[in-house]
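[1] with the sequence up front, the predicted model follows.
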Amino acid sequence: MADFPRSPASGIKVIIVGAGFAGISAAIECDRKGHSVVLLEKSEAIEEITRFGDIISFDPNGARNFERWPGVIEAMQKVARQTSWLDLYHWKGEFVTRQSFAEEKKWGPRINGHRGELYSIIYQHARDRGINIQLGQRVTDYFEDEEKAGVVVNGQYMTADVVIAAEGVRSRGRKIVLGFDDRPKSSGYAVYRAWFPGDVIAKNEMLKHLVVNGDTHSGWLGPDLHFLASSLKGGKEFNWVFTHIDDGNIEESWQFPGKVEECLKYVEGWAPIVREIVKSTPKTGRLIDHKLVFRDPLPTFISPKSRIALIGDAAHPFLPTSIQGASQSIEDGVVLAACLELAGRSNVTLAVNAFEKIRYERVHKAQAMGVKTREKWHKANWDAIKEKPEEIHLTREAWLLNFDAEADCYERYNDVVADLKGVKARL
C-alpha cells in the first residue's frame, strides 16, 4: 500500500454504498481525513462500470479536488479533451459564436474525457491507497439507531458510525431518508450518447475537419433539441450526444442501446453535418439512449437519526446541461469527510447535519443552472441572438466554478455548527 498524506486516524468507521464517481471519491476523501472506510459495490467486476459511457465533465470546482490526490490530475489530463472553447451553430448549420473558457484557467483545471477512462484512474488511486473496496455486494436495506448505522448486504448485517448512500437515482438509501419509497419520474427528456474511433470521421470529407487538426468541441442548437460533438486524444476518438423530448415511461427502462435510424428521425431537416455525424456512427460504436430521470428536490439529504447521508445522484440528480452533476458529487464527499474530521467520533451526527447545512443551498442553486441552459438553447430567439450571439453561451459564474469545497467547509464549519446548536437549543 502506497504511503499517502493523511490526517491522523479519527476512529470513525464509514460504510459507503455505490462505487461510482460519488462513492469512490467520498471513499478517497474519507481516507485522506483519517476515517476507516468500506466501499460496497454491487457490480461483480469493475469493468461493468468502466466499459460503458461517453463524455463526462468536471469543471474547476470539481477537478481541483483531484489535484489533492497524488498523480490523479496528471493522469486525467493525458486522456482529456484539449480544448478551451465551444463552437455554437444554428440547427440549420450556420456558425453563430465561439465561447472561450480560457479565462477560467485561473479558477482551476477543467477535465472532459471518457467516463470509463477517468473513473479507472480514480479507482486505481483508491486501490493504491489501500481502501477496502468490496465488489459483488448488493445492499438491500439501510438501518440506524442512536449509536450506529448499517446496511443489509448479501443478507448479512454490517454496521459503522455513519453510512453514505451513493448508489445513484435508484438508491435504496432514499427510503430511510424520506420515510417512504419514491419512484423516479421521466423528466420528459432523453439523451442519445455515442462514442467511437475518430478514424471513421477522418475518412469522411464532410466531417474530417472535426478530427484531423486535433481536438474540437461543437454544438448545434434547435427547437427542443441540442446536439454536441467533440473529439479527443488529438482526434483519435470521437463522441456525440443530443438531448431530445421523450415521452417514454421511466418505469419501463431508463437506459438501453440506441439505433442510428431512430436518432436520424429526431434531426430530420437539421444541418447536413449533424445528420452525417449520426450516420457515420459505426454499428460497433457505443450508442446509448439514456432517459433523464427527474426527482423533486428533497427536503433533506440525511436520515432521521443523522447517521445516513445521501450524496451525488442519490440526493440530487442533475441535467447534463448543468455540466455540474459530477463536480457536485465530488464536492459532497469532500464536505462530508471534512465535517466528520472536524467533529470527531463523538459528534458524528453533528457532522452529518453540518454537511447537509453546508451543501443544501449550493446544490439546489447549481441544479437550476441545468434547466436555465436547456431552456436558453431549446427556445432560442434567433433574431435576438443575431444581434447578441453571446446570449447562447453557457452560463459560467464564479460563485459556482471558482470554489474550493474543502476550504469553504473548514472556514464555515464552526459557524454552521453554532447555528445548528442554537436551533436545537431553541427547540
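    Looks like it came in fine. Residues are numbered from 1 along each chain as shown.

[2] low-confidence ranges in the stretch 251-400 of the chain?
    Along the stretch 251-400 of the chain, segments meeting pLDDT under 70 span 251-255, 285, 294-296.

[3] and the helices in this protein, which stretches?
    For the chain, the helices defined by DSSP state H cover 21-32, 47-50, 60-63, 72-79, 115-128, 173-178, 199-202, 260-266, 272-279, 325-343, 348-378, 382-387, 398-401, 405-426.

[4] tell me what angle the first one forms with helix 115-128.
    Put plainly, it is helix 21-32. Calculated by axes from the mean of the first three to the mean of the last three CA atoms, to 10 degrees, helix 21-32 forms an angle of 20 degrees with helix 115-128.

[5] can I get the CA coordinates of helix 21-32 in CSV?
    What follows is helix 21-32, C-alpha atoms only, in CSV (Å, rounded to 0.1, in the frame of the first residue of the first chain):
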residue,chain,number,x,y,z
PHE,A,21,-17.8,8.7,-9.1
ALA,A,22,-19.6,10.0,-6.0
GLY,A,23,-18.9,6.9,-3.8
ILE,A,24,-15.3,6.3,-4.7
SER,A,25,-14.4,9.9,-4.4
ALA,A,26,-16.1,10.0,-1.0
ALA,A,27,-14.0,7.0,0.0
ILE,A,28,-10.8,8.7,-1.0
GLU,A,29,-11.7,11.8,0.9
CYS,A,30,-12.6,9.8,4.0
ASP,A,31,-9.3,8.0,3.8
ARG,A,32,-7.5,11.4,3.4
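
[6] at which residues are the strands of the stretch 201-350 of the chain located?
    217-222, 225-232, 237-245, 255-257, 286-294, 308-310 (DSSP state E, counting those that start in this stretch).

[7] out of the helices of the chain, flag the one nearest residue 143.
    Evaluated over the helices of the chain, closeness to residue 143 peaks at helix 173-178, with 7.4 Å, by CB to CB. Using the backbone N, CA and C atoms, a C-beta is placed for each residue, glycine as well.

[8] buried set for stretch 272-282?
    For stretch 272-282, a neighbour-count test (16 or more other CB atoms under 10 Å) marks 273-275, 277-278, 280-281 as buried.

[9] likewise stretch 85-96?
    Applying 16+ other CB under 10 Å to stretch 85-96 flags 86-91, 96 as buried.

[10] now, the most widely separated pair of the residues you listed?
    86 and 91 (15.6 Å).

[11] which residues touch residue 17?
    23, 40, 139, 151, 163-167, 171, 173 (CB atoms under 8 Å, 6 or more residues apart in numbering).

[12] highest neighbour count among the residues you listed?
    residue 164 (33 neighbours; other CB atoms under 10 Å).
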